[in-house]
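K.L.:
Based on what follows, work out the 3D shape:
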Amino acid sequence: MWFGLYTRSKGPLDSSGFEHVFLGEIHGGKISGFHSWVQFYLREKAGELNYLSYSADGPWTGFPDVYGFQFKWSTYLKSLGSMFIGSSPEFDIAAYTLCYITRPDSLCYLRAGGYTLKIQTYTWANSSYGNGKRYVASSYPVV
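P.N.:
Numbering: from 1, shown residues only. Model prediction:
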């Protein structure tokens, strides 16, 4: 569900749910996906990303927190991209997978540390694997 390749632009098989969510993609001159604070940190540290502003759902008293960011990656703008902050990649993929399996194409509510997390999931409807299962198109926390 995460690593199967598909195309978002009628070209070669060049995308996957994992790439979209955790690494980010450029499509049609815009940033698509990019919901990983670790990737955000690494790109900013390398001088490839310019943080512009944020919005938050907290403040929480613990981690993970959820923030929405506006940023530029190279010359491309992401007007709002949300992500957990301070969580492990393992937590992120587990929460996204749980919500994707139980609430595909909808809003999913999880309780963590006494707080409610909202995660939006989307399936990729243009191709499938196995017994008609759909790939992850996107999954991210909602601010």
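K.L.:
Do I have it right that residue 136 meets residue 17?
P.N.:
Yes: taking contacts as Cβ atoms under 8 Å, residue 136 lies within contact range of residue 17: 2.8 Å. For every residue, glycine as well, the C-beta is placed using N, CA and C.
K.L.:
Between these two, which is the more surrounded one?
P.N.:
Between residue 136 and residue 17, residue 17 has the larger neighbour count (other Cβ atoms under 10 Å), namely 26 against 23.
K.L.:
what's near enough to touch that one?
P.N.:
Residue 17 makes contact with 1-4, 124, 135-139, according to Cβ atoms under 8 Å, 6 or more residues apart in numbering.
K.L.:
what do residue 136 and residue 17 both touch?
P.N.:
With Cβ under 8 Å, 6+ apart, residue 136 and residue 17 have common neighbours 1-2, 124.
K.L.:
May I ask which of the residues you listed has the most neighbours?
P.N.:
Using other Cβ under 10 Å as the neighbour criterion, residue 124 leads the shared contacts of residue 136 and residue 17 with 21 neighbours.
K.L.:
between the contacts of residue 17, which is nearest residue 36?
P.N.:
Closest to residue 36 out of the contacts of residue 17 is residue 139 (11.3 Å), distances taken as Cβ to Cβ.
K.L.:
On the three-state scheme, that closest one is what?
P.N.:
For residue 139, the secondary structure call by DSSP: H, G, I helix; E, B strand; the rest coil comes out as strand.
K.L.:
Next, count neighbours for it.
P.N.:
Around residue 139 there are 27 residues (other Cβ under 10 Å).
K.L.:
got it, and residue 53?
P.N.:
By other Cβ under 10 Å, the residues close to residue 53 number 10.
K.L.:
Parallel or antiparallel, list what pairs with the lengthiest strand in the chain.
P.N.:
If you go by DSSP state E, the chain has its longest strand at strand 115-129. When pairing is defined by DSSP bridges, strand 115-129 lines up against strand 107-112 (antiparallel), strand 133-141 (antiparallel).
K.L.:
Kindly state which of those strands is positioned closest to residue 81.
P.N.:
strand 133-141 (7.8 Å).
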